[in-house]
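Engineer: Pasting the sequence and the predicted model now:
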Amino acid sequence: MAKPAVATDPQVPNQTVLVVEDEVLLRLVAADELRQQGCGVIEAASADEAMAVLRTGTKIDLVLTDIQLQGTLDGIGLARFVRSNLPRSKVIAVSGQLSAMRGNELFDAFFPKPYAMDHLVKCVRQLLDRHDEPFLNENNIASRRLD
Amino acid sequence: MISQSDTNHPVSSEQRQTILVVDDEVIIRTAISEYLRDCGYKVIEVASVDEAVLVLQQAEITVHIVLSDVEMPGARDGFALAQWVREHRPTLQVILAGSAARATKAAGELCNSGPMLAKPYDPQIVLDQIKRLLATKPTK
């Protein structure tokens, strides 16, 4: 499992990312990279687990979610919940299917799989640094892929 | 969330070993994993036995101890994981945890470490067990 070198940034402490991914090897790499960036990371293997975390009231600054997830909810449903209930939280979606871009007003950024981990981490950092920026529309979401 | 400072365990460099935490209850898994990270360990979290086996099959991922819940949905529970480890990774040590209603004796026979831990977790007991195992039987 190749891990791209990403410089540690101590400037984004005390921010928590909820990583929602049912592919465990992808999840642990993403979580590990984000922890190295100084983020707090909570890992969920499904949207149902993510909902269980969100219902505790834990402050989540950014949700990084796969779209295709097993269980009662997929990544679209999770993003919709976040938009409706946690409007200050950012959402990054990843998917192996470009058709998952449907409903993309729900995302601040979208990465098709496979994605470059350093690009993803850079995007997380940018979104966490700009907490009050309004949601992106369909056109500029693509430009936020940073690749 | 439990913090390392709550139990006054100093972090030492030799503790930077990897614990694989297996639990399908995300809140419990997150809490015990964060506690162990605060204690200085690297922690890999997985939500099922299938995920645990997938991680353990990766040659580039080193795991020193498996801490697994017994009762999990799916075809394989914590006992099945302990059996898999015994067959495929016999030097790896397993700590099983579960409610007292489950068969403690069976867990003790499956684990290198002896009787399983009770849930809900007492973090200090978990930590003590991990320390004891790492001290007595280093894993390659």
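Structural biologist: The structure has been received and is ready for your questions. Numbers count the residues shown, from 1 in each chain, chains lettered A, B, ... in the order given.
Engineer: How about the residues of chain B by chain A?
Structural biologist: Listed as neighbours of chain A in chain B under the rule CB under 8 Å from any CB of the partner chain: B:26-27, B:29-30, B:44-48, B:51, B:54-55, B:58, B:60-61. Backbone N, C-alpha and C define where each C-beta goes, glycine included.
Engineer: Just those: which are in strands?
Structural biologist: B:Ile44, B:Glu45, B:Val46 (DSSP state E).
Engineer: Can you show me the helices along chain B?
Structural biologist: Remark: helices assigned in chain B by DSSP state H are B:26-38, B:49-56, B:78-88, B:104-110, B:123-136.
Engineer: I figured B:Glu45 was touching B:Val21, is that so?
Structural biologist: Yes. If you go by CB atoms under 8 Å, B:Glu45 and B:Val21 touch, sitting 5.2 Å apart.
Engineer: any residues in contact with both of these two?
Structural biologist: Common neighbours of B:Glu45 and B:Val21, counting by CB atoms under 8 Å, 6 or more residues apart in numbering or on different chains, are B:Arg29, B:Ser33.
Engineer: So if I had to pick from those two, which one is more boxed in?
Structural biologist: For B:Glu45 versus B:Val21, neighbours defined as other CB atoms under 10 Å in any protein chain shown are more numerous around B:Glu45 (28 against 25).
Engineer: Which residue comes closest to the residue of chain B found nearest chain A once chain neighbours are left out?
Structural biologist: Among the residues of chain B, B:Ala47 lies closest to chain A, at 3.6 Å counting by CB to the nearest CB. Leaving aside its chain neighbours, B:Ala47 sits nearest to A:Ala45 (3.6 Å; criterion: CB to CB, 6 or more residues apart in numbering or on different chains).
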